[in-house]
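S.K.: sequence first, then the predicted structure:
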Amino acid sequence: MTATRRLAAILAADVAGYSRLIGADEGGTLQALKAVRAELIDPTIAAHNGRLVKTTGDGLLVEFGSVVDALRCATEVQAGLAERNATVPAGKRIEFRIGINMGDIVVEDGDIFGDGVNVAARLEVLAAPGGICVSARVQEDAAGKLDLAFEDMGEQALKNIARPVRVYRVATGPVPSTAPERPALPLPDKPSIAVLPFANMSGDPEQDYFVDGMVEEIITGLSRIKWLFVIARTSSFAYKGKSPDVRQVGRELGVRYVLEGSVRKASGRVRIAGQLVDAESGRHIWAERYDRPLDDMFALQDEITLNVIGAIEPSLRRAEIERVKRKRPGDLDAYDLVLRAMPFVDTAMPEGALQALPLLERALALEPHYAVAHGHIAVCHRALFMRAGQRDENRQAAIRHAHAALAHGRDDATALALAGFVIGQVEHDRRAAREAFEAALALSPSSALSYTHGSIVAGWGGEAERAIEWGQKALRLSPFDPRSYAAWHGIAIGHFQQGRYEDAANADRQTIQRNPGFSFPYAMLAAALVKLGRIGEAKAAAARVLALHPAFNIGEWCAAIDPAPEIAAPLTEALRAAGLPE
């Protein structure tokens, strides 16, 4: 018979302490097991549309078409066994352990094989006598469909299973109406967040699918941020339909931040409100409201999701930086050290780089393969190379650390964005830089940093339209990000190349407003003003360049950046006319 594949819910069960029972009373145990099978287990399997695949002495393997059927069968079997065992001495009870998984199986000659079956068997081993353990997928599929309580056992390493599996224990007894308060979980060693189910304020239960789907996408997007610990949907959705205090949520889930919100749909529009709260203090860190026409529900869901993720990431980062500032220097770990360095890195100037580097180097001493630390060190050496004498040692260090960030950060969008920026700007390998940015965006489509740095590299590479488009995407995703000055810088470069000098000057002013200590936008502003015939204003901007960067030299700057010919020639001519030295 040809083997076939299908998706199924698999239930694996065996008798707890079977060898002991057989050793004590072989005949009585076999008779009791036969009776349990005939009177309880087999009829219950049939009643819930299960297929008994095989028995193995004290064990059995059952296939179901749905998780709901498998769980109903399992809980009824365990309840029936508990009732039968009520009058049986403890040493003679027939008690089953049950594991349930949802997965892909191979069916051949009536038997079933595959990873889905193996996981179910390993889950059964974790269950207590009379208990049921399920995989996260089973728990998620059953959420809201069955009146069951699930206890999160965390990720478990299962024998002969390559990946860790998140496991849940099913409460098989009656759930008390007033459960005692759960003990507070310890906070993880990085920022942590739970996204609660958003409240559906529409008065239309049919909109629940849209609301829940959007929250699931937000959780998925946040999970791509490697420095962030995100509680799984299956745990945060335990609060659906409730109005818990965020402090309680923080204690119960072990998170520092909670994102909550609401959705209201009326008159062809949808309004979504979200707020990020510090779970310890109850202080609001970020809040935003989105009001959109209800033309395409799924496109709208994607847009809102990207905007929420892009907006709260810098808010989380700022909150974490402020938190770390309050820690004693001797208590800082590698992550804390990087956070302390970031405001200095973001100045994009040599003075900031020199303050950041000792912190970042301490971080690498603690964690030599810390990809984001390598990326920030690369950016610091880039600033020193371009604005502090163009020493080859800084250039080589920038390239070396950028490639280290690339090598160790294949699953980290921030590390890839930092690496791509330096590889494109200092090594001038814009194709490799583009690949790094695209890899970062594949990991995290809401990575404003990838669009920001990609905009600058594209602009100097002569891709004006991409520079403008990516800069605008970065600003849409994260309009209040401290790094937004760099997105405006990329937009300004694109406009200058296309001869839109008024737009370029306006973008340069936006850059300066957000980072007045950054010298390059003053140079770009001077060039745009020359092209507009406003020579006096251009010379004032050029004077500001030299005040911030006394060693500025047109030829050295262009050699360091290596701009595409279509921008290099008009830029050089304009900078010369503004009075900057060659």
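M.R.: Nice, thanks for sending it over. Keep in mind that this is a model prediction, so the values were computed, not measured. Residues are numbered from 1 along each chain as shown.
S.K.: what's the residue lying closest to residue 456 once chain neighbours are set aside in contact with, if anything?
M.R.: Leaving aside its sequence neighbours, residue 456 sits nearest to residue 490 (Cβ to Cβ, 6 or more residues apart in numbering; 4.4 Å). C-beta coordinates here come from the backbone N, C-alpha and C atoms, glycine included. Applying Cβ atoms under 8 Å, 6 or more residues apart in numbering to residue 490 gives the contacts 452, 454, 455, 456, 458, 459, 467, 468, 470, 471, 474.
S.K.: for the residues you listed, which one is nearest residue 80?
M.R.: Using Cβ to Cβ, residue 474 is the member of the contacts of residue 490 that lies nearest residue 80, at 59.6 Å.
S.K.: neighbouring contacts of the host helix or strand of the closest one?
M.R.: Secondary structure assigned from DSSP states H and E places residue 474 in helix 464-477. The set of residues external to helix 464-477 that reach it, using Cβ under 8 Å, 6+ apart, is 306-307, 309-311, 446-449, 451-452, 454-456, 458-459, 481, 484, 487-491, 493-495, 497-498, 567.
S.K.: now do stretch 218-226
M.R.: 193, 195, 228, 230, 232-233, 236, 259, 305-306, 308-309, 313, 411-415, 443-446.
S.K.: repeat that with 6 Å
M.R.: Surrounding stretch 218-226, the residues in contact under the criterion Cβ atoms under 6 Å, 6 or more residues apart in numbering are 195, 230, 233, 305, 308, 309, 412, 443, 444, 446.
S.K.: which two among those are spaced furthest apart?
M.R.: Across the contacts of stretch 218-226, no pair lies farther apart than 233 and 412, at 22.3 Å, counting by Cβ to Cβ.
S.K.: about what we covered before: only alpha carbons, please: show the helix holding residue 474 as PDB.
M.R.: Coordinates of each C-alpha in helix 464-477 appear next as PDB, following Å, rounded to 0.1, in the frame of the first residue of the first chain:
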ATOM      1  CA  ALA A 464      17.400  57.900  -5.500                       C
ATOM      2  CA  GLU A 465      13.800  56.500  -5.700                       C
ATOM      3  CA  ARG A 466      14.700  53.600  -3.300                       C
ATOM      4  CA  ALA A 467      16.400  56.100  -0.900                       C
ATOM      5  CA  ILE A 468      13.200  58.200  -0.700                       C
ATOM      6  CA  GLU A 469      10.900  55.200  -0.600                       C
ATOM      7  CA  TRP A 470      12.800  53.400   2.200                       C
ATOM      8  CA  GLY A 471      13.300  56.600   4.200                       C
ATOM      9  CA  GLN A 472       9.500  57.200   4.000                       C
ATOM     10  CA  LYS A 473       8.800  53.700   5.100                       C
ATOM     11  CA  ALA A 474      11.100  54.000   8.100                       C
ATOM     12  CA  LEU A 475       9.300  57.200   9.100                       C
ATOM     13  CA  ARG A 476       5.900  55.700   8.700                       C
ATOM     14  CA  LEU A 477       6.900  52.700  10.800                       C
END
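S.K.: so which bits of that helix are buried?
M.R.: 464, 466-477 (16 or more other Cβ atoms under 10 Å).
S.K.: from those residues, pick the one nearest residue 524.
M.R.: Nearest to residue 524 among the buried residues of helix 464-477: residue 467, at 12.2 Å, using Cβ to Cβ.
S.K.: return the distance of the closest one relative to residue 445.
M.R.: When Cβ to Cβ, to the nearest Å is applied, the distance between residue 467 and residue 445 equals 19 Å.
S.K.: how far off centre is stretch 71-85?
M.R.: Centroid separation between stretch 71-85 and its chain, computed with Cα atoms, centre = their mean, to the nearest Å, is 39 Å.
S.K.: buried set for the lowest-mean-pLDDT helix or strand in the chain?
M.R.: Of all regular secondary-structure elements in the chain, judged by mean pLDDT, DSSP states H and E, the least confident is helix 297-325 with a mean of 73. Buried positions in helix 297-325, judged by neighbour count with 16+ other Cβ under 10 Å: 300-301, 304-321, 324.
S.K.: any weak-confidence spans in this protein?
M.R.: The model of the chain has pLDDT under 70 over residues 1-2, 172-184, 203-204, 206, 234, 296-298, 300-301, 329-331, 479-480.
S.K.: domain map for it?
M.R.: According to automatic domain parsing, the chain comprises the domains 4-171, 192-315, 327-445, 457-582.
S.K.: ok, so of the contacts of residue 490, who is nearest residue 348?
M.R.: Checking those against residue 348 by Cβ to Cβ gives residue 456 as the nearest, at 10.5 Å.
S.K.: neighbours around that closest one, how many?
M.R.: In terms of burial, residue 456 registers 26 neighbours under the definition other Cβ atoms under 10 Å.
S.K.: please apply the same query to the one 3 residues further on.
M.R.: As a burial measure, residue 459 scores 28 neighbours (other Cβ under 10 Å).
S.K.: what helix or strand is it located in?
M.R.: helix 448-460.
S.K.: what lies in contact with that helix?
M.R.: Around helix 448-460, the neighbours that count as contacts under Cβ under 6 Å, 6+ apart are 310, 417, 421, 424, 430, 433, 437, 440-441, 466-467, 470-471, 473-474, 477-478, 481, 483, 486-487, 490, 493-494, 561, 563.
S.K.: quick one: that helix to helix 297-325, angle?
M.R.: On the basis of axes from the mean of the first three to the mean of the last three Cα atoms, to 10 degrees, helix 448-460 is oriented at 100 degrees to helix 297-325.
S.K.: what angle do helix 448-460 and helix 464-477 make?
M.R.: For helix 448-460 against helix 464-477, the angle between stretch directions is 160 degrees (the same axes, to 10 degrees).
S.K.: centre of the chain to helix 448-460, how far?
M.R.: The chain centre lies 21 Å from the centre of helix 448-460; the measure is Cα atoms, centre = their mean.
S.K.: ranges for the strands of the stretch 151-300 of the chain?
M.R.: Listed in chain order, the strands of the stretch 151-300 of the chain (DSSP state E, counting those that start in this stretch) span 165-171, 192-195, 199-200, 229-230, 257-266, 269-278, 284-293.
S.K.: need the winner for burial among those.
M.R.: Using mean count of other Cβ atoms under 10 Å, the stretch among the strands of the stretch 151-300 of the chain with the largest mean neighbour count is strand 192-195, at a mean of 25.
S.K.: picking that back up, which one among the contacts of residue 490 gets closest to residue 22?
M.R.: Proximity of the contacts of residue 490 to residue 22 was ranked by Cβ to Cβ; the top entry is residue 454 with 67.1 Å.
S.K.: tell me, how many residues neighbour the closest one?
M.R.: The tally of other residues near residue 454 (other Cβ under 10 Å) stands at 32.
S.K.: swap in residue 76?
M.R.: Here the count is done by other Cβ under 10 Å, and residue 76 has 17 residues near it.
S.K.: contacts only, for it.
M.R.: Residues in contact with residue 76 (Cβ under 6 Å, 6+ apart) are residue 44.
S.K.: distance check, it against residue 41.
M.R.: Using Cβ to Cβ, residue 76 is found at 10 Å from residue 41.
S.K.: quick check: next helix or strand after the helix holding residue 474?
M.R.: Read in the C-terminal direction, the helix or strand following helix 464-477 is helix 484-497, with elements assigned using DSSP H and E.
S.K.: now do that following helix and helix 464-477, the angle between them.
M.R.: Taking the same axes, to 10 degrees, one finds that helix 484-497 is oriented at 150 degrees with respect to helix 464-477.
S.K.: same for the helix or strand just after helix 484-497, what does it pack against?
M.R.: Proceeding N to C from helix 484-497, the next assigned helix or strand is helix 501-514, under DSSP H and E. The criterion is 3 or more Cβ pairs under 6 Å, 6 or more residues apart in numbering; DSSP states H and E, and the helices and strands that helix 501-514 contacts are helix 484-497, helix 520-531.
S.K.: so which bits of helix 501-514 are buried?
M.R.: Of the residues in helix 501-514, those scored as buried under the neighbour-count criterion (16+ other Cβ under 10 Å) are 501, 503, 504, 505, 506, 507, 508, 509, 510, 511, 512, 514.
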